[in-house]
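**Q** what follows is a predicted protein model with its sequence.
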Protein chains: 2
Amino acid sequence: MADYIEQFESAAEWFRGLQERICAGLETLDGDGRFEEDAWSRSDGGGGFTRVMEGGRVFERAGVNVSNVHGDLEAAFGDQLPGHGNDFKAAGLSLVLHPRSPMIPTVHANVRMICKGDSYWFGGGMDLTPYYPYEDDAVHFHQVLKDACDRHNPGWYARFKQWCDEYFYLPHRGEARGIGGLFFDYLGVSADELGAAVRGRSSHALEQAVSKDEAWAFTQTIGDAFLDAYLPIANRRKDEEYGESERRFQLLRRGRYVEFNLLFDRGTQFGLKTDGRVESILVSMPPLVSWTYSPTWDAGTREAELASFLQPRDWLGQQSR
Amino acid sequence: MADYIEQFESAAEWFRGLQERICAGLETLDGDGRFEEDAWSRSDGGGGFTRVMEGGRVFERAGVNVSNVHGDLEAAFGDQLPGHGNDFKAAGLSLVLHPRSPMIPTVHANVRMICKGDSYWFGGGMDLTPYYPYEDDAVHFHQVLKDACDRHNPGWYARFKQWCDEYFYLPHRGEARGIGGLFFDYLGVSADELGAAVRGRSSHALEQAVSKDEAWAFTQTIGDAFLDAYLPIANRRKDEEYGESERRFQLLRRGRYVEFNLLFDRGTQFGLKTDGRVESILVSMPPLVSWTYSPTWDAGTREAELASFLQPRDWLGQQSR
């Protein structure tokens, strides 16, 4: 593992700096709420810093985590990942923001570096979950992500957008979680390293040679793109008016977020089932959520319109802009 | 499968009658709310009746389902169950009640008959999830269940109570879901039928001979015991006073209920991952739920006391009463 220790430590440090920049940007947007930080350590190795804002003016609950952990994977899990050997190190930043206003979308972002045995790779992405359909928000979000991807590889936006659409999907509801974004994983491993186990589960894992340096540079570009992708949307929606009925709709839709995270999200499930720090993992849960039986909305309302708005689509048109 | 069709149809009819009696008892208790019924059918075979009360005086949300479904199990799942052949029929009643008052416990109950290939068996149970610790409620609930078990077999209460304590446990929180009750499964199959796959996963599955008739009689006794076990508790707590802080605590604790059901409950996961009727399965979700970061309560408060109250214990004392 020795030859990537230096790269790993420098990535972990970069994630910590990104956390600082993102939290500063979100505090400025909020204008009132402040992040509080908890440092924690993991009995099996490593630890992290969890930053949480609750009860802000814009953010009802926002969590921005960095972690840097290491240990040994169980063979049943490790065998499904690239790299010979089940010792691992993982560092990354992960955030979920739940705004108070139903007019501002919930957002999730993650960037990470994983080392396992004799291999290492990068992953991450971000996705937007609006409650009310604003097409210009979706276009803005995807345009920032496409521009970021295009600086590295003209094929990556389409590829990682599709991976995102497939990943953030609730099969029991037949619904997308939101309007998508990017999802990438195993970036920087060669076709050899990737292995049949990974290829079998994930048709999107790149089989082309991407250097570790290029993979890391791309991961940084995506991390740095987060504020550009999200802040303008939150800013132009934060003074939008809404009432009790929009709030009720938001609480019901937040239920879908809970369903996805607890039923399907690999990070959440893996963290909870392997002694991760529960309060840091579940800082992704919404602050207030509601379920009612078979709610319906009249055709033509914005609430009814959301279903078709969430159908995966080419937000930037046939022609790249 | 022919020789148990008659038994199956009569069990399904009995569950429907039990649904009627339970809903009538709950409506009387509530005094205001009424159950509405949805009949549904399943594209792969069978269907059910979902009864829901929302916005009652006592019950904020209550769901009482019966279903009668059939089809074929995927081999990977079917191979873990008794019986040769993967054709199945399943009938049962399942309920979850979420009272409005934090002083009244949430409760879950289920009774079922499962036929698979050349075998069939019975399962079920119930468990109580209080928000505020009332010892006499826990003792009453367990006493009714012990009396019901004792009418059939003097060893079953202890055995099925322990199974319940082990099943309704949140490993990531290190917490029991509530004060337990009963959980039983595979009742009525012989040691031969049970098979190594089931024994390996479930040390509590009875390996002694219990006749199908006795297993069915016991299942009916447990179904019939539900109102006796729950109504007196709800009745004596429903006029108990509470304020905003007790309500907040209830909403946070309901988060644990969501976590258990979506992360660990076998019935919920199986239903959602096999095209079950989503709104009937998730009628178990609380109507309003909250998560906050690392909430704590001062020592000596009833909220802090709940943790030790939920430790599995012998509610009825060393001597059976």
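**A** Happy to help now that I have it.

**Q** what stretches of chain A score poorly on pLDDT?
**A** Residue ranges of chain A with pLDDT under 70: A:1-3, A:206-208, A:274, A:318-321.

**Q** tell me which parts of it are close to chain B?
**A** Residues of chain A found near chain B (C-beta under 8 Å from any C-beta of the partner chain) are A:38, A:52, A:54, A:61, A:63, A:171-173, A:251, A:255, A:258-259, A:262-263, A:269, A:272-273, A:276, A:278-279, A:282-283, A:285-294. Just so you know, the C-beta spots here come from the backbone N, C-alpha and C atoms, and that holds for glycine as well.

**Q** name only those of the residues you listed that count as buried.
**A** A:38, A:52, A:54, A:61, A:63, A:172, A:251, A:255, A:258-259, A:262-263, A:272, A:276, A:278-279, A:282-283, A:285-293 (16 or more other C-beta atoms under 10 Å in any protein chain shown).

**Q** among the residues you listed, name the ones in helices.
**A** Counted as lying in helices by DSSP state H, out of those, are A:251, A:255, A:258-259, A:262-263, A:272, A:278-279.

**Q** A:Ala39: how many residues sit nearby?
**A** For A:Ala39, the neighbour count with other C-beta atoms under 10 Å in any protein chain shown is 8.

**Q** please tell me how far the residue nearest to it when sequence neighbours are not counted sits from A:Glu175.
**A** Ranked by C-beta to C-beta, 6 or more residues apart in numbering or on different chains and with sequence neighbours excluded, the top spatial neighbour of A:Ala39 is A:Phe49, at 5.4 Å. Separation of A:Phe49 from A:Glu175 (C-beta to C-beta, to the nearest Å): 34 Å.

**Q** A:Pro295 touches A:Leu252, doesn't it?
**A** Yes - A:Pro295 lies in contact with A:Leu252 (C-beta atoms under 8 Å); the separation is 6.0 Å.

**Q** comparing these two, which residue is more hemmed in?
**A** Of the pair A:Pro295 and A:Leu252, A:Leu252 is the one with more neighbours under other C-beta under 10 Å, namely 16 against 13.

**Q** can you tell me which residues contact the residue of the stretch 101-250 of chain A found nearest chain B?
**A** Nearest to chain B, among the residues of the stretch 101-250 of chain A, is A:His172, at 4.2 Å (C-beta to the nearest C-beta). A:His172 makes contact with A:259, A:263, B:272-273, B:275-276, B:278, according to C-beta atoms under 8 Å, 6 or more residues apart in numbering or on different chains.

**Q** wait, which of those is closest to B:Tyr120?
**A** B:Gly276 (20.5 Å; C-beta to C-beta).

**Q** now do the same contact list for the closest one.
**A** A:172, B:42, B:270.

**Q** what are the boundaries of the strands in chain A?
**A** In chain A, the strands defined using DSSP state E lie at A:36-41, A:46-54, A:59-72, A:87-99, A:106-116, A:119-129, A:169-170, A:175-176, A:181-187, A:288-290.

**Q** any idea how far the last one is from the chain center?
**A** Same thing as strand A:288-290. In terms of C-alpha atoms, centre = their mean, to the nearest Å, the centre of strand A:288-290 is found 21 Å from the chain centre.

**Q** the fourth one now?
**A** Here strand A:87-99 is found 8 Å from its chain centre; the criterion is C-alpha atoms, centre = their mean.

**Q** tilt between that strand and strand A:119-129?
**A** Here strand A:87-99 runs at an angle of 10 degrees relative to strand A:119-129 (axes from the mean of the first three to the mean of the last three C-alpha atoms, to 10 degrees).

**Q** got the angle for strand A:87-99 vs strand A:46-54?
**A** Orientation check (the same axes, to 10 degrees): strand A:87-99 against strand A:46-54 gives 0 degrees.

**Q** ok, the closest residue to A:Asp118 other than its chain neighbours - contacts?
**A** Setting aside the residues directly before and after it, A:Asp118 is nearest to A:His84 in space (C-beta to C-beta, 6+ apart), at 5.1 Å. The contact partners of A:His84, by C-beta under 8 Å, 6+ apart, come to A:117-119.

**Q** I figured A:Arg302 hits A:Pro133, correct?
**A** Yes - A:Arg302 lies in contact with A:Pro133 (C-beta under 8 Å); the separation is 6.3 Å.

**Q** any residues in contact with both of these two?
**A** Counting by C-beta under 8 Å, 6+ apart, A:Arg302 and A:Pro133 have no shared contacts at all.

**Q** ok, the contacts of A:His84 vs B:Val111, which is closest?
**A** In terms of C-beta to C-beta, no member of these lies closer to B:Val111 than A:Gly117, at 49.3 Å.

**Q** ok, the closest one - how many residues close by?
**A** Quick note: A:Gly117 (other C-beta under 10 Å) scores 17 neighbours.

**Q** next one: A:Glu54 from B:Asn65, what distance?
**A** Taken as C-beta to C-beta, the span from A:Glu54 to B:Asn65 is 36 Å.
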